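1. Sequence and computational prediction follow.
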Amino acid sequence: MQEKKPWEVLLEWLSGLLGLDSPSFFPFHLLIVPILGLIVILIPFWKITSKAGFPGWLSLLSIVPLINIVFLFFLAFAQWPALTAKTDLPAR
């Protein structure tokens, strides 16, 4: 019998660890990680946009690549309706 190379042993160990060798394998971790990432990003952005006086659904822009950077700058430099309503100051 031919001796296995170290990287083959490592691949076998990793496939056993992840459950890749089971016949009913479905990569649940490939679904759970992105969903958790979306939750971690969307909930704070939803709260920030709501407290700023913007519609909460604008937080969905935070998951679109490149638009999320523009959205972050918009939140940072826009006149927040909630602050203008609270202080009755004119918009700049």
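-> Yep, that arrived.

2. Quick check: what element follows the helix or strand that contains residue 69 along the chain?
-> Element membership of residue 69, judged by DSSP states H and E, is helix 67-77. On the C-terminal side of helix 67-77, the nearest following helix or strand under DSSP H and E is helix 81-87.

3. what's that following helix packed up against?
-> helix 29-52 (3 or more Cβ pairs under 8 Å, 6 or more residues apart in numbering; DSSP states H and E). (Glycine included, C-beta is placed from N, CA and C.)

4. outside of the helix it packs on, which residues touch it?
-> Outside of helix 29-52, the residues within contact range by Cβ atoms under 8 Å, 6 or more residues apart in numbering are 18, 55-56, 58-60, 62-63, 75, 78, 80-83.

5. Filter the residues you listed down to the buried ones and express that as a ChimeraX selection.
-> In ChimeraX syntax, the buried subset of these is picked out as below (16 or more other Cβ atoms under 10 Å):
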select :58,59,60,62,75,80
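
6. Return the item of the contacts of helix 29-52 having minimum pLDDT.
-> Least confident entry in these, by pLDDT: residue 18, with 65.

7. circling back to that earlier point, which parts of the helix holding residue 69 are buried?
-> Neighbour count says helix 67-77 has 68, 71, 75 buried, by 16+ other Cβ under 10 Å.

8. Okay, and residue 12 sits in which element?
-> Using DSSP H and E, residue 12 falls in helix 6-18.

9. Next, the angle helix 29-52 makes with that helix.
-> 60 degrees (axes from the mean of the first three to the mean of the last three Cα atoms, to 10 degrees).

10. Which elements pack onto helix 6-18?
-> Checking 3+ Cβ pairs under 8 Å, 6+ apart, helix 6-18 ends up next to no helix or strand.

11. What would stretch 72-80 look like as CSV? C-alpha coordinates only.
-> Extracted in CSV, the C-alpha atoms of stretch 72-80 (Å, rounded to 0.1, in the frame of the first residue of the first chain):
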residue,chain,number,x,y,z
LEU,A,72,-21.8,55.7,5.0
PHE,A,73,-20.6,59.1,3.7
PHE,A,74,-24.2,60.1,3.2
LEU,A,75,-25.0,59.3,6.8
ALA,A,76,-21.9,61.1,8.1
PHE,A,77,-22.4,64.3,6.2
ALA,A,78,-26.2,64.6,5.5
GLN,A,79,-28.4,66.9,7.6
TRP,A,80,-30.3,64.4,9.8
